[in-house]
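Visitor: Fold the following.
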Amino acid sequence: MSSNTLDTSIRYLKGVGETREKLFNKLGIRTLRDLIGFFPRGYEDRTVFKTIDSLTIGESVCVRAIAAATPQLSHIRKGLDLVKLRAVDDTGAIEITFFNAPFVRDAIKQGESYVFYGKISGTLFRPEMTNPFFERVYPSLERVYPSLERDAQDTPTSTKHPPVTGCIVPIYHLTARLSQKMVATAVKSALSDCLSELTEILPESITKKYDLCDVFEAYESIHFPKSFKDLDIARRRLIFEELFVLVTAMRQMRDNRTGQSGKTLKMPDFSEFYKTLPFAPTNAQKRAVSDAAADMTSGRLLSRLIQGDVGSGKTLVAAACCWLTWYAGMQAAFMAPTEILAKQHYKSLTDMLAPFGVRVGLLTGSTTANGKQEIYQQLIYGEIDLIIGTHALLSEGVEFKNLALVITDEQHRFGVEQRKMLSEKGDSPHVLVMSATPIPRTLALIIYGDLDVSIIDETPAGRQKTETHVVDERYRERLYKFVRKLVSEGRQVYVICPMVEESEDEPVQDEAARAKAPAPKSVIDHHNILAKKVFPDLQVELVHGKMATKKKDAAMAAFNSGEADILVATTVVEVGVDVPNAALIIVENADRFGLSQLHQLRGRIGRGEFDSYCVLVSDSGEHERLQIMKTTNDGFKIAEEDLKLRGPGDFFGSRQHGLPEMKIANLMTDMIVLNDAQAAATKLLESDKTLTLPEHRKLKEHICSIYNIL
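Guide: From the prediction side, this is the model:
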């Protein structure tokens with residue numbers, strides 16, 4: 001293998017190839033480095049062996065037994081084959097059934113020994129197993145080897161597949177057409193090919209002080225642990241490393257920033273700005289504005305996170321800072337994650353800044369070529385004071401006369417790198433970041449360690465509390481009657497679905513979960529049902545991310561104006577969309593969303609003077625988790641529960657592009673390790689602030705490759 005084996009495409013791994021490569025890509029796995037870093041989501045203990053006479057109904061165990069006869073294959077009907085087998089040991093017999101696995105008839109030989117792992121059913125006098133995992137036992141070698149392959153090339157000395165019985169088995173997240181066995185086999189091959197090339201980035205002094213195993217042992221044991229003790233040792237090492245790297249990088253970003261000076265702007269009298277508003281700002285909003293203004297007028301570089309719950313009024317803070325920038329005769333740029341949100345901000349900021357004559361522009365991917373050229377010219381000549389846009393603001397043609405403030409909305413969708421790209425279009429402009437994803441302050445200081453934090457913890461007057469209900473399909477008819485009642489009163493309704501169309505790309509936990517999980521509702525199919533069958537007399541619009549921009553805009557415009565009664569959508573309406581007349585949101589397959597995401601969706605209603613309702617529809621049996629949504633409207637409490645239940649990787653919804661997704665650490669449950677990692681990072685940076693010592697070279701290279709900051 002070459003020296004850069006870790007960065008080799010998984011396509012070239014034995015047993016993967018072009019077709020399976022695409023399936024792995026759907027899980028974010030492209031290289032061998034990605035594959036060995038694709039840690040199991042859980043483990044199954046298959047180390048317990050029992051004799052047949054000691055089995056207990058309902059337990060999952062390994063049974064070592066001999067095939068008493070040749071397995072019998074029966075074709076019951078189209079799509080249903082059964083293979084039945086009787087196996088025996090010295091204490092009794094067990095009946096084993098395989099559904100739709102005809103290859104088993106040839107894989108299991110009469111008179112040979114096998115280990116079967118599965119759940120015991122039947123009765124104590126006639127125990128049974130259904131679809132167990134099994135492996136051949138070769139007594140002469142005193143080993144258990146795989147015998148599940150359909151080809152006949154496996155030999156008693158083959159170890160190309162990890163064992164599936166008599167061991168602790170890793171359980172991975174899957175996507176359609178990938179099985180646990182396929183993933184585990186690929187991981188085993190990758191570890192064999194490139195484990196020796198892993199780099200030890202933690203200094204020896206730290207691994208010794210905190211009693212951490214080496215990186216090679218950690219990666220082997222996290223995937224294929226010999227014992228649960230080995231697994232705990234590996235997990236602690238990898239969690240420590242992940243958190244240590246995060247904290248060290250954030251400290252470096254903060255150190256780099258605090259040494260920078262920013263443009264010194266003139267402090268205005270904000271009462272002039274506030275008195276033009278149609279509402280009185282909250283004290284929390286005023287505090288956040290004061291925090292930002294103090295930085296912008298002090299000569300220091302503003303680098304601040306404005307964090308507030310859904311509907312807390314972050315846009316007002318952004319508008320005030322844009323007004324300050326205009327007051328100083330300079331330009332501001334505001335970047336939003338979607339075109340819908342960019343247009344929403346364009347409207348609200350234009351309204352707030354219009355009394356002062358602030359010139360506001362809009363630049364998105366759908367802006368015409370001529371329109372873009374005109375905006376580029378206006379920005380260069382200073383004829384636009386505030387430009388609002390999407391990723392289009394990062395285009396090469398965008399240049400400013402005197403950019404002094406950069407604002408990014410929904411930070412977790414952009415990340416450090418994109419924020420940096422926009423900032424580089426000016427001469428060290430001030431940076432303001434807004435996030436409607438509430439997270440505990442201590443956590444915010446870690447994740448956004450390069451930013452100061454201001455929290456808006458008050459809700460503006462007029463926001464209605466939303467009544468939340470969790471129901472299943474039995475309530476469907478009542479729910480649709482309630483929709484009709486609200487629409488007849490002049491209200492509007494959101495209906496949210498988890499996916500655009502039926503797809504095999506949907507991630508699933510495992511084969512069993514795939515079989516049990518209710519089918520996710522496709523937004524396209526559900527729109528057709530509602531528009532043509534359930535509410536043919538109402539105007540039902542459709543919005544999703546794959547639509548052409550013109551169609552999407554037309555649908556949103558119809559809903560915003562009140563012309564449309566119902567908007568069926570994906571989470572494209574998760575943030576920022578403001579329709580005060582909407583009083584009901586129905587979330588289909590609610591179990592497929594994180595709590596924080598559901599809280600964001602719920603924030604689309606309760607913006608007017610009407611009583612508002614959120615109905616979470618789920619048939620998954622996860623009602624206990626969803627009940628948290630009924631008990632509180634506090635986004636910070638919901639966020640804490642979400643972090644505990646799902647970990648930060650899922651918590652942020654979409655992957656951060658500048659900050660790495662946490663692969664194994666959980667920032668809520670791994671606080672003890674986090675404290676150790678913070679202490680270690682503090683001590684290391686005290687002795688070597690810029691990581692220039694030889695023993696820190698690998699750490700510096702690793703941080704630089706992830707964060708691009710050094």
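
Visitor: Can you pull out the low-pLDDT segments for the stretch 451-600 of the chain?
Guide: Per-residue confidence for the stretch 451-600 of the chain (pLDDT under 70) gives these ranges: 461-464, 501-520, 574-577.

Visitor: can you give me the strands in it?
Guide: 452-456, 466-471, 492-496, 507-508, 540-543, 566-569, 582-587 (DSSP state E, counting those that start in this stretch).

Visitor: do you know which of those lies nearest residue 397?
Guide: strand 540-543 (29.1 Å; CB to CB). In short, each C-beta sits where N, CA and C put it, glycine included.

Visitor: Residue 492 contacts residue 559, correct?
Guide: Yes - under the criterion of CB atoms under 8 Å, residue 492 is in contact with residue 559, at a separation of 6.6 Å.

Visitor: how about the strands in the stretch 51-200 of the chain?
Guide: 60-67, 72-77, 80-89, 92-99, 113-122, 127-130, 133-138, 143-146, 168-171, 174-175.

Visitor: lowest-confidence stretch among those strands?
Guide: If you rank the strands of the stretch 51-200 of the chain by mean pLDDT, strand 143-146 sits at the bottom with a mean of 42.

Visitor: Next one: residue 427 from residue 619, what distance?
Guide: 56 Å (CB to CB, to the nearest Å).

Visitor: quick one, which of the two is more surrounded?
Guide: Between residue 427 and residue 619, counting by other CB atoms under 10 Å, residue 619 is the more crowded of the two (16 against 12).

Visitor: which SS state does that one fall under?
Guide: coil (DSSP: H, G, I helix; E, B strand; the rest coil).

Visitor: re the thing from before, would you reformat the strands of the stretch 51-200 of the chain as TSV and include mean neighbour count and distance to residue 252?
Guide: Listed next are these as TSV, based on neighbours: other CB atoms under 10 Å; distance: least, CB to CB, whole Å:
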stretch	mean neighbour count	distance to residue 252
strand 60-67	20	48
strand 72-77	10	64
strand 80-89	18	60
strand 92-99	18	56
strand 113-122	19	48
strand 127-130	19	55
strand 133-138	21	47
strand 143-146	18	47
strand 168-171	20	34
strand 174-175	20	36
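
Visitor: so which of those strands gets nearest residue 36?
Guide: Nearest to residue 36 among the strands of the stretch 51-200 of the chain is strand 168-171 (12.0 Å), distances taken as CB to CB.

Visitor: Just give the strands next to that closest one in its sheet, each with its orientation.
Guide: Paired neighbours of strand 168-171 in the sheet (DSSP bridges): strand 42-45 (antiparallel).

Visitor: ok, now which ones touch residue 218?
Guide: Residues near residue 218 by CB atoms under 8 Å, 6 or more residues apart in numbering: 233-234, 237-238.

Visitor: Distance-wise, check it relative to residue 200.
Guide: From residue 218 over to residue 200 the distance is 10 Å, taken as CB to CB.

Visitor: swap in residue 225?
Guide: Distance from residue 225 to residue 200, by CB to CB: 20 Å.

Visitor: Neighbour count: these two, which is higher?
Guide: More crowded of residue 225 and residue 200, by other CB under 10 Å: residue 225, with 21 against 13.

Visitor: pretty sure that one contacts residue 219?
Guide: No - contact criterion CB under 8 Å: residue 225 and residue 219 do not qualify, at 11.2 Å.

Visitor: Mutual contacts of those two, please.
Guide: By CB under 8 Å, 6+ apart, residue 225 and residue 219 have these common neighbours: residue 234.

Visitor: Quote the end-to-end distance of stretch 490-500.
Guide: End-to-end distance of stretch 490-500 (CA to CA, to the nearest Å): 28 Å.

Visitor: How about stretch 330-340?
Guide: End-to-end span of stretch 330-340 (CA to CA): 27 Å.

Visitor: For it, buried residues please.
Guide: For stretch 330-340, the neighbour count (16 or more other CB atoms under 10 Å) marks 330-340 as buried.

Visitor: One more: stretch 396-406?
Guide: For stretch 396-406, the neighbour count (16+ other CB under 10 Å) marks 398, 400, 403-406 as buried.

Visitor: Of the contacts of residue 218 - the most surrounded one?
Guide: residue 237 (25 neighbours).

Visitor: which helices and strands sit right next to the one helix or strand that residue maps to?
Guide: Per DSSP states H and E: residue 237 is located in helix 228-258. With contacts taken as 3 or more CB pairs under 8 Å, 6 or more residues apart in numbering; DSSP states H and E, helix 228-258 sits against helix 215-223, helix 441-447, helix 671-687, helix 697-707.

Visitor: hang on, the earlier thing: just put the strands of the stretch 51-200 of the chain in a markdown table and tack on distance to residue 681.
Guide: Converted to a markdown table, these look like this (distance: least, CB to CB, whole Å):
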| stretch | distance to residue 681 |
| --- | --- |
| strand 60-67 | 42 |
| strand 72-77 | 61 |
| strand 80-89 | 55 |
| strand 92-99 | 53 |
| strand 113-122 | 43 |
| strand 127-130 | 50 |
| strand 133-138 | 43 |
| strand 143-146 | 43 |
| strand 168-171 | 30 |
| strand 174-175 | 35 |
